[in-house]
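Fold the stuff below for me.
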Amino acid sequence: MACFNVRVYGIMINEQKQVLVSDEFIRGGYYTKFPGGGLEFGEGTLECIVREWQEELAQEIKVVEHIYTTDFFQISAFDNTSQILSIYYLVKPTSAFTAPIIANPFDFEIPEGIEEVEGVRWIEWNDFSSEAVTLPIDKVVADLVKERY
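This is a model prediction of the structure:
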């Protein structure tokens, strides 16, 4: 049965003008994307992004502004049965940034039998573009971020 999958992501740009991305191994594939995740039933999008960053990065954030909501059809890369609707916000840390940072893309171990592993890293502004991320909607947002900020 076809359904919608609502995803909420945060774009963080630090004082050195670097952009935070998440390198993830998911179901046998490698993806570079923005930190965030799925909206849970009963939750608003702002609650979702705060929860996702707390769960994934142990990072307290505040939402600064809305950047983009998907305005085109995008099928899920993972199940081919759900339509993805992604919402992106510019976020700022409200606590010290203490998440472990990887230096290079996918610089992590993948234990046998584990389907999902992730690590975050900063990308220099001059190296950041739609080519730096994997998923189609993220590519649109990367171009918007480069234009606006």
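
Count the residues that sit near residue 65.
By other C-beta atoms under 10 Å, the residues close to residue 65 number 9. C-beta: built from backbone N, CA, C; applies to glycine.

That one in helix, strand or coil?
Under DSSP: H, G, I helix; E, B strand; the rest coil, the three-state class of residue 65 is strand.

give me the beta-bridge partners of it?
With DSSP bridges applied, the residues forming beta bridges to residue 65 are residue 90.

How about residue 37?
Counting by DSSP bridges, the residues bridging with residue 37 are residue 8.

Count the neighbours of it for me.
Residue 37 is flanked by 17 other residues according to other C-beta under 10 Å.

so what's it up against?
Residue 37 makes contact with 7, 8, 48, 52, 55, 56, according to C-beta atoms under 8 Å, 6 or more residues apart in numbering.

Nearest residue to the residue positioned nearest the centre of the chain in space, please, no chain neighbours.
In the chain, the C-alpha closest to the average C-alpha coordinate belongs to residue 34, at a distance of 2.0 Å (C-alpha atoms, centre = their mean). Spatial nearest neighbour of residue 34, chain neighbours left out: residue 9 (4.1 Å); criterion: C-beta to C-beta, 6 or more residues apart in numbering.

sorry, back to before: now do the contacts for the residue nearest to the centre of the chain.
If you count contacts by C-beta under 8 Å, 6+ apart, residue 34 has them with 9, 10, 11, 20, 21, 22, 88, 133, 138, 141.
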